[in-house]
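Student: Below are the sequence and a predicted model; questions follow.
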Amino acid sequence: MKETLLVLDLDETLLYATKDKLEQREDFVVGPYYVYVRPNLAYFLSELAGDFKLAIWSSADDTYVYELVDKIKPDAVDFEFIWGRSRTTKKRMSVTDEYYYVKRLSKVKRKGFFLERTLIIDDTAEKSMLNYGNAIQIAEFTGNANDDELLLLASYLKQLKNVRNVRQIDKRYWRNQDLPT
């Protein structure tokens, strides 16, 4: 039964794109960017696709997002939606006068998904600050070939697959948290 939706960020969460080539070989190139896929991504997506509905939501340019997703998506995995910057809300941080993009899960709710059964996975807390009860913040990925974050995350998420209201669970310390079965 796939009732819970996992909304996955792209840059620094599932992959790393940079204009500066790293020591290891890139997985592919998109425009001026060398792209490094986070280790175990294909396993992560394929493993969780059986238990969750999956979606991609990035604050990057829409065309860029579609191009990257096309390259990383395993054939057996389908996404409920693939969204880019056009679906985010631009906010200004008054203290620094900088702008950032927020992913408002009310937009997901309008598509018929329940917030009680929606998780958003991102490396940046600000992107999901309006829905912190749905958020799982993971370590930023910057191309480390030995990264195992997706293996740890897959194991944790499997514990959440049958939870009726994921918002009631404190997920801030997810790496050290075992949920009651």
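Tutor: Now that the structure is in, tell me what you want to look at.
Student: For M93, which residues count as its bridge partners?
Tutor: With DSSP bridges applied, the residues forming beta bridges to M93 are E98.
Student: does it really touch Y100, like I thought?
Tutor: Yes - when contacts are counted by C-beta atoms under 8 Å, M93 is listed as touching Y100 (6.5 Å). No exception for glycine: its C-beta is placed from N, CA and C like everyone else's.
Student: And these two? Which one has more around it.
Tutor: Higher neighbour count among M93 and Y100: Y100, with 16 against 10, using other C-beta atoms under 10 Å.
Student: So the closest residue in space to that one that isn't next to it in sequence: helix, strand or coil?
Tutor: Spatially, and ignoring its direct neighbours in sequence, Y100 is nearest to E126 (5.3 Å; C-beta to C-beta, 6 or more residues apart in numbering). Assigned by DSSP: H, G, I helix; E, B strand; the rest coil, the conformation of E126 is helix.
Student: How about K90?
Tutor: Counting by three-state DSSP, the three-state call for K90 is strand.
Student: Quick one: residues contacting it.
Tutor: Contacts for K90 were tallied using C-beta atoms under 8 Å, 6 or more residues apart in numbering; they are Y99, Y100, Y101, V102.
Student: and with 10 Å instead?
Tutor: Going by C-beta atoms under 10 Å, 6 or more residues apart in numbering, K90 touches S59, Y99, Y100, Y101, V102.
Student: isn't E26 right up against K71?
Tutor: No - proximity of E26 to K71 does not meet the contact threshold set by C-beta atoms under 10 Å, at 11.4 Å.
Student: Which one's more surrounded, those two?
Tutor: Neighbour comparison, E26 and K71: the larger count goes to E26, with 17 against 14 (by other C-beta under 10 Å).
Student: What count of nearby residues applies to the nearest residue to that one once chain neighbours are set aside?
Tutor: If you skip the residues right next to it in sequence, E26 has Y34 as its closest partner in space, 4.0 Å away by C-beta to C-beta, 6+ apart. Close neighbours of Y34, defined as other C-beta under 10 Å, add up to 18.
Student: Please consider this matter closed, and thank you.
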